[in-house]
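[1] Okay, predicted coordinates and the sequence, questions at the end:
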Amino acid sequence: MRWTIGILGLTHDHVWTHLSDLARRDDVRLSIAEPRAGLRAEAEGVHGGIRLYDDAATLLEHEQPQAVLVFTDNAGSAAFVELAASHGAAVMVEKPMADRLANAERMMVAAGRAHVPLMVNWPTAWNPAIRHALKLAADGEIGEITRFSFRGGHAGPRAFGVSEAFAGWLYDPARNGGGAYIDYCGYGASMARLLLGLPSRVQATIGRLRTDDSMVDDNAVLTLRYPRAMAVVEASWTAAGPVPQPGPVIAGERASLVVLPGAASRPARVLRVSSDTPEGEDLDIPPLSADEGSATSYFLTRLHDGHPIDGLVSARVGRDTQEILEAGLLADREDRSVSLPLPIGV
């Protein structure tokens, strides 16, 4: 099968990984809609056969793609999803799903009405160590889960080296929905949601501690309370080097799973820690299959086979993650615990 795929927007830097993945395939015809001429030229340098447009509506009308990938700012993603769905295209939107819950709901409604698949891509879904730990925990290998923790971040987008097109909206609360909180707490919240469902209560502390020249937060702690478990998620844009021991760490009745990230000189590891193995037992990490080795491979395989988008990248998990993030913003603003589900319209 030959795919006609449209990419809407080039201002989310994650696009370049996906574009390179697609450019290596011989069964894909690519088209891109991006109003900035410089970004269009950069994309053409990656794959010379790309058909270029300066607006999404024209691309969708002329190319009629079967699938669309959205890489714009968080506030703008909903409009692109609605537009693509109205043309009958399956849609993948890059994490987080949106800036606010209301826009995530717009996407769910648009995909549902058009009967098209919707995927929310979290890069953690294609990390073999994290995938293995999540599967073991979900399969009950450590017993009932009692605690989940994850931390993520870096020294800040510009210090990390993102493009100015990306930084331009990451530091804009109206386009991003926040700062480090929206950027990194979603990673942990999505995994907690996958394993434990929606929490009953949410608390958050969100602050701008060091970046005085920015209007968005640079550090955050999000806590999720479940009837018999809790989750703690941390985010930082002021880290001095890599965030140490990001995890996730998943504690259960019988054992804990600890994900240790890889580096240039060492592979990632998953440790099983228990009373019998207090130093931690290294677990074998199975490789991801070819059709699940990347977001685009998974997306196109699911579409080809007619299987639903499920797991961490499902639209439902993405939408619920957005509700958790929304509750955290409200909890921080009002200095209280916020119960879920949120009332309609909050």
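    Received it, and whenever you're ready, just let me know what you need. Residues are numbered from 1 along each chain as shown.
[2] Low-confidence ranges, this structure, go.
    Under the criterion of pLDDT under 70, the regions of the chain flagged as low confidence span 346.
[3] Determine the longest strand present in it.
    Criterion DSSP state E: the longest strand present in the chain is strand 145-153.
[4] Check which element follows it along the chain.
    Beyond strand 145-153 on the C-terminal side, the first helix or strand identified by DSSP states H and E is helix 157-160.
[5] List of residues touching that next one?
    With contact meaning C-beta atoms under 8 Å, 6 or more residues apart in numbering, helix 157-160 is reached by 154, 166-167, 170-171, 183, 237. C-beta: built from backbone N, CA, C; applies to glycine.
[6] any idea how far the residue lying farthest from the centre of the chain lies from Arg254?
    Residue farthest from the centre of the chain, counting by C-alpha atoms, centre = their mean, is Asp276 at 35.3 Å. With the distance defined as C-beta to C-beta, to the nearest Å, Asp276 ends up 10 Å from Arg254.
[7] Then Met1?
    Computed with C-beta to C-beta, the distance linking Met1 and Arg254 is 45 Å.
[8] Check Arg208 too.
    If you measure Arg208 against Arg254 using C-beta to C-beta, the figure is 41 Å.
[9] same check, this time on Arg302
    33 Å.
[10] again, but for Asn103
    As defined by C-beta to C-beta, Asn103 lies at a distance of 41 Å from Arg254.
[11] what about these two, which has more around it?
    Counting neighbours by other C-beta atoms under 10 Å for Asn103 and for Arg254 shows that Asn103 has the greater number, 20 against 14.
[12] tell me the secondary structure for that one?
    Using DSSP: H, G, I helix; E, B strand; the rest coil, the three-state assignment for Asn103 comes out as helix.
[13] Excluding sequence neighbours, find me the nearest residue to it.
    Leaving aside its sequence neighbours, Asn103 sits nearest to Ala78 (C-beta to C-beta, 6 or more residues apart in numbering; 3.9 Å).
[14] That neighbour: neighbour count?
    When counting by other C-beta under 10 Å, one arrives at 25 neighbours for Ala78.
[15] Mind telling me what element it is part of?
    Using DSSP H and E, the secondary-structure element containing Ala78 is helix 77-86.
[16] Report the buried residues of that helix.
    Residues of helix 77-86 classed as buried under the neighbour-count rule (16 or more other C-beta atoms under 10 Å) are 77-85.
[17] number of nearby residues for Gly49?
    Gly49 has 10 neighbours, counted by other C-beta under 10 Å.
[18] ok, it to Trp16 distance?
    Using C-beta to C-beta, Gly49 is found at 17 Å from Trp16.
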